[in-house]
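[1] Just the structure for this:
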Amino acid sequence: MEINFNRHVWEGWTVRDMIDELEGNIDLIMKNHSHIKPFKSKYELKKFCMDNQPYYKKHIPEVVNYFSKQYKIN
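    All right, here's what the predicted structure looks like:
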């Protein structure tokens, strides 16, 4: 499934914007350079994304799918 990075999520924020906001922190976590342990499941990743997205605290499937593919998280 191809990700639509330009899909509007909330008040001017797109899927790409949400990914850009989370990418640095998730990269640190997955490289074990954070106090948060690397995610072992897609559920853990989903929860982190929802809790740490700016303003919008609902599940965005494209964001979770992007990171789960990038870091091979099932």
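
[2] next one: phi and psi at Trp10?
    phi -160, psi 130 (degrees, to the nearest 10).

[3] Tell me who's in contact with the closest residue to it other than its chain neighbours.
    Leaving aside its sequence neighbours, Trp10 sits nearest to Tyr56 (CB to CB, 6 or more residues apart in numbering; 4.3 Å). Bear in mind the C-beta positions are built from the backbone N, C-alpha and C, glycine included. Contact analysis of Tyr56 by CB atoms under 8 Å, 6 or more residues apart in numbering lists Val9, Trp10, Trp13, Met18.

[4] Tell me how far Tyr56 lies from Ile29.
    Tyr56 is 20 Å from Ile29, where distance means CB to CB, to the nearest Å.

[5] next one: Lys57
    In terms of CB to CB, Lys57 sits 19 Å off from Ile29.

[6] Same drill for those two, tell me which one is more crowded.
    Using other CB atoms under 10 Å, the more surrounded residue of Lys57 and Ile29 is Ile29, with 20 against 11.

[7] just checking, the more buried one touches His35?
    No. At 9.1 Å, Ile29 does not count as touching His35 under the criterion of CB atoms under 8 Å.

[8] ok, then the element right after the longest helix anywhere in the chain?
    Ordering each helix of the chain by length in residues (DSSP state H) puts helix 15-30 first. As assigned by DSSP states H and E, the chain's next helix or strand after helix 15-30 is helix 42-52.

[9] Just the buried residues of that following helix, please?
    By neighbour count on 16 or more other CB atoms under 10 Å, the buried set for helix 42-52 is Leu45, Lys46, Phe48, Cys49.

[10] For the last one, give me its contacts.
    Listed by CB under 8 Å, 6+ apart, the contact partners of Cys49 are Met18, Leu22, His59, Ile60, Val63, Val64, Phe67.
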